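A.B. asks: Predicted structure and sequence below. I'll ask about it afterward.
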Amino acid sequence: MAHYDVAIIGSGAGGGTLTHALASTGKRILLLERGGYVPRERENWSTRAVNLEGKYQTKEVWRDAQGRELHPHTNYYVGGNTKFYGAALFRLRREDFGEVRHWGGISPAWPIGYDELEPYYTQAERLYHVHGQRGADPTDPPASAPYPHPPVSHEPRIQALAEDFMRQGLQPFPVPLGVMLDERSPRTSPCIRCATCDGHPCLVNAKSDAQVVCVDPALAHPNVTLLTGAYVERLETSASGREVTRIVVRRDGGQEVHSADIVVVSAGAINSAALLLRSASGMHPQGLANGSGVVGRHYMGHVNSIHLAVSRCPNATVFQKTLALNDFYWGSRDWSFPMGHISFVGKVDGDTLKAGAPAIAPGWTLELMARHSLDFWLTSEDLPDPDNRVTLDDKGGIVLSYRPNNTAGHERLIATLEGLMRQQSKCGVHGDECHQGLFARNLFIGDRIPLAGVAHQNGTVRFGRDPRRSALDPFCRAHEVDNLYVVDASFFPSSGAVNPALTVMANALRVAEHLRARLG
């Protein structure tokens with residue numbers, strides 16, 4: 001049995017970032033990743049291969065609460081789901097860390113405040129090469145430093161939309177993006193502003209994902225070991241149940257056992273909860289570190305939807321995901337509850353639409369709609385419900401039970417966007433008749449960004465100060481297991497309404513500082 005100072009399970013936004021932060025300590029670090037590297041191939045940039053055929057998605061089958069098969073849209077690779085994310089790297093709002101009253105109920109306060117995480121947000125933005133503009137977003141929390149890189153510029157159609165929004169009294173702003181782009185020197189810039197950044201792996205390694213930014217540089221240190229194809233079956237403890245002593249791994253058709261002074265779980269909110277539940281024992285009968293009963297519960301993934309604003313004029317934009325609106329994040333003049341966030345997905349094409357076709361506008365084809373659409377992504381906060389949860393079936397398979405909640409604000413947000421689009425400036429060719437309507441795209445066939453869409457998964461191993469109501473302490477250490485930590489988005493007690501990735505990265509850096517002190 002090989003022994004390490006630190007073992008980290010999962011190499012994404014949490015585990016990859018933590019590995020990088022600890023690599024320079026000289027401590028023996030084992031990084032376990034169930035997948036391999038994403039192959040670099042032409043299909044990386046194929047919307048047909050990625051979106052329609054699901055070439056890189058796991059073939060694993062989960063179940064929903066009714067026992068029906070669920071094919072999760074998630075990826076198991078070095079770098080985790082950051083290999084496929086859109087690299088939108090937002091800070092949570094300062095108010096998101098406190099208790100917030102929503103139409104559907106209460107979003108609970110975190111055990112730490114924004115100010116405690118702020119220095120690590122700044123570090124994470126630097127590490128992940130974030131481009132942005134401080135102060136342009138009206139809900140921006142205070143920051144101790146400017147963004148490390150200037151905002152990514154808008155293409156003409158997006159710039160025109162930004163100007164229209166400003167004429168309507170709104171405050172559109174550049175999306176903070178983690179890309180290795182140098183617009184001053186396009187010839188030498190790693191990022192080429194391609195159309196397949198969002199949802200695709202980057203063939204030229206110019207997206208700031210955890211593999212490129214963190215894992216590969218960490219492996220330059222001789223004390224860091226990466227094992228791929230390493231599925232962690234369970235964690236076993238000492239007789240007291242107070243420390244993890246064995247990491248049981250299935251790899252290359254056989255079983256391996258490893259151990260470490262510190263064990264960090266970062267397999268994603270669903271798989272991390274499942275691992276702890278699989279690790280039940282006599283000392284932990286409900287699952288490892290689950291004396292509170294919260295492990296697997298309070299699953300959140302946001303209320304998300306994609307909407308196509310179709311116009312008679314074509315949208316020639318290539319790199320579309322540069323503009324966002326947060327004017328309605330906390331509500332509007334006629335709605336006193338939070339509504340959420342408006343931004344964009346990467347530019348869709350006909351193949352992407354076939355993977356989750358919207359209602360087709362009269363007289364249009366999917367290909368034609370794709371060429372004439374602005375493709376909006378809307379996010380609202382869902383609330384932690386203990387009945388929204390991860391459990392295991394009798395064979396140890398994942399069961400994901402989820403009932404959407406707090407949807408009224410999202411419906412208001414959709415209606416608000418439709419109203420804004422109807423107020424766009426007259427088109428020089430089609431006048432007021434240019435805008436043809438807002439069409440919902442069911443990102444996945446048969447669902448409306450649904451159970452299978454788990455990109456923003458969080459909340460299943462929440463942190464807090466009370467061991468009766470949380471599984472982790474404020475440094476993400478298990479209340480009941482002294483050497484066990486969880487650093488993916490499982491720790492979130494609430495979800496906010498922006499992408500969780502940067503918060504996961506920043507928290508991993510915060511926990512790394514704590515672990516450095518603990519390791520000595």
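C.D. replies: Perfect, thanks for sending it. Just so it is clear, the model here is predicted, and its values are computed rather than measured.

A.B. asks: what's the spacing between the nearest residue to residue 140 once chain neighbours are set aside and residue 149?
C.D. replies: Of all residues not flanking residue 140 in the chain, residue 134 sits nearest, at 6.7 Å (C-beta to C-beta, 6 or more residues apart in numbering). Backbone N, C-alpha and C define where each C-beta goes, glycine included. Distance, residue 134 to residue 149, by C-beta to C-beta, to the nearest Å: 12 Å.

A.B. asks: Quick one: the strands in the stretch 301-450 of the chain, in order.
C.D. replies: Secondary structure of the stretch 301-450 of the chain, counting by DSSP state E, counting those that start in this stretch: strands at 303-311, 323-324, 341-344, 373-380, 389-392, 398-401, 435-441.

A.B. asks: Columns mean neighbour count, mean pLDDT and distance to residue 189 on top of those strands, output as CSV?
C.D. replies: Output for these, formatted as CSV (neighbours: other C-beta atoms under 10 Å; pLDDT from 0 to 100; distance: least, C-beta to C-beta, whole Å):
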stretch, mean neighbour count, mean pLDDT, distance to residue 189
strand 303-311, 23, 87, 28
strand 323-324, 22, 98, 21
strand 341-344, 25, 96, 21
strand 373-380, 25, 92, 24
strand 389-392, 20, 98, 41
strand 398-401, 20, 96, 40
strand 435-441, 19, 50, 31
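
A.B. asks: Would you tell me which of those strands gets closest to residue 103?
C.D. replies: strand 373-380 (9.9 Å; C-beta to C-beta).

A.B. asks: Compute the inter-axis angle for that closest one and strand 303-311.
C.D. replies: 160 degrees (axes from the mean of the first three to the mean of the last three C-alpha atoms, to 10 degrees).

A.B. asks: Make JSON lines from the strands of the stretch 301-450 of the chain and add distance to residue 57 to it.
C.D. replies: Output for the strands of the stretch 301-450 of the chain, formatted as JSON lines (distance: least, C-beta to C-beta, whole Å):
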{"stretch": "strand 303-311", "distance to residue 57": "17"}
{"stretch": "strand 323-324", "distance to residue 57": "27"}
{"stretch": "strand 341-344", "distance to residue 57": "22"}
{"stretch": "strand 373-380", "distance to residue 57": "19"}
{"stretch": "strand 389-392", "distance to residue 57": "19"}
{"stretch": "strand 398-401", "distance to residue 57": "15"}
{"stretch": "strand 435-441", "distance to residue 57": "18"}
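
A.B. asks: Of all those strands, which one comes closest to residue 486?
C.D. replies: strand 389-392 (13.2 Å).

A.B. asks: For the closest one, give me every contacting residue.
C.D. replies: Here strand 389-392 makes contact (C-beta atoms under 8 Å, 6 or more residues apart in numbering) with 269-270, 273-274, 277-278, 296-299, 398-401, 460.

A.B. asks: of those, closest to residue 235?
C.D. replies: Using C-beta to C-beta, the contacts of strand 389-392 come closest to residue 235 at residue 278, 8.4 Å.

A.B. asks: Let me know the pLDDT of residue 352.
C.D. replies: Note on residue 352: pLDDT of 76.

A.B. asks: again with residue 89
C.D. replies: At residue 89, the pLDDT value in this model is 98.

A.B. asks: and the gap between it and residue 162?
C.D. replies: As for residue 89, its distance to residue 162 is 20 Å (criterion: C-beta to C-beta).

A.B. asks: Which of these two has more residues huddled nearby?
C.D. replies: For the pair residue 89 and residue 162, the greater number of neighbours falls to residue 89 (29 against 20), based on other C-beta atoms under 10 Å.

A.B. asks: And what about the spatially closest residue to the more buried one that is not a sequence neighbour, helix, strand or coil?
C.D. replies: Leaving aside its sequence neighbours, residue 89 sits nearest to residue 502 (C-beta to C-beta, 6+ apart; 4.1 Å). The three-state label given to residue 502 by DSSP: H, G, I helix; E, B strand; the rest coil is helix.

A.B. asks: and the residue nearest the centre of the chain, what does it touch?
C.D. replies: In the chain, the residue lying closest to the centroid (C-alpha atoms, centre = their mean) is residue 456, at 4.2 Å. Counting by C-beta under 8 Å, 6+ apart, residue 456 touches 300, 301, 302, 304, 379, 489, 495, 499, 500.

A.B. asks: So it belongs to a helix, correct?
C.D. replies: No - under three-state DSSP, residue 456 sits outside any helix and is assigned coil.

A.B. asks: Residue ranges in this structure under the pLDDT threshold?
C.D. replies: Applying pLDDT under 70 to the chain flags residues 355-364, 425-452.

A.B. asks: Much appreciated, bye for now.
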